[in-house]
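Colleague: Structure for this input, please:
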Amino acid sequence: MTFLGDSTTFAYIILPVLVFLARILDVSIGTLRIIFVSKGLKNFAAMLGFFESLIWLIAVTQVMQNLNSWQTYIAFAAGFAAGNYVGVVLEERIALGNLLIRVITQKKAHELVQVLREAGYGVTSVDAMGAAGPVNLIFTISKRRNLNKIISIIKHYNPNAFYTIEDMRYVNQIYPLPLTKRSFFQHVGLGKRK
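Modeller: Predicted coordinates for the structure are as follows:
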């Protein structure tokens, strides 16, 4: 007997929906917990682990108490799949952490470097030798929430550039250029570039 009654409607409709939602919740929490562990946020990871295992245990208990309901099995598996998707979407929205963005370009990168600096990103540029000749290496460290903006700048100023993006667990400091070197209109993209 389940905690909400014993009706057919509950066993074949309500219970599978509840199991589905519980699995979405526990798998989403699990995805975030893994990300927090990789970022070294052990207190948050421990707290999420508690709720993840509690919700999972409740969902599994309901499945085991209703072994004759194939709908509950499907809901359990579908909730797992949907939970993975929801967890990744949540993680992208939270955009936790820092990234190292490395750009390799055969085209001279002075303009790209200047635009990134004007946008407030710290940039290191190095002349190097690639397999096909001279290249420019550009390194910048940024918060994850700024990634799309940086990628759009790279694609606009050098669409053929090769770039890689790496998650960073720890960054001592991020050095953006002070905004006082630009006018307000340049900061919002309305002023002329020097």
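
Colleague: Name the spans of the chain whose pLDDT lies under the cut-off.
Modeller: Counting by pLDDT under 70, the chain shows low-confidence ranges at 1-6, 171-194.

Colleague: where along it do the strands fall?
Modeller: Counting by DSSP state E, the chain has strands at residues 98-105, 123-130, 133-143, 162-168.

Colleague: Among those, which comes closest to G87?
Modeller: Among the strands of the chain, the nearest to G87 by CB to CB is strand 162-168 (16.3 Å). For the C-beta atoms, the positions are set from N, CA and C on the backbone; glycine is no exception.

Colleague: Let me know the angle separating the closest one from strand 123-130.
Modeller: Per axes from the mean of the first three to the mean of the last three CA atoms, to 10 degrees, the angle that strand 162-168 makes with strand 123-130 is 130 degrees.

Colleague: Now strand 162-168 - C-alpha only, CSV.
Modeller: Extracted C-alpha coordinates of strand 162-168, given in CSV (Å, rounded to 0.1, in the frame of the first residue of the first chain):
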residue,chain,number,x,y,z
PHE,A,162,41.5,27.8,-34.0
TYR,A,163,40.6,28.0,-30.3
THR,A,164,40.3,25.7,-27.4
ILE,A,165,38.5,26.2,-24.1
GLU,A,166,39.5,24.6,-20.8
ASP,A,167,37.8,24.6,-17.4
MET,A,168,39.9,25.8,-14.6
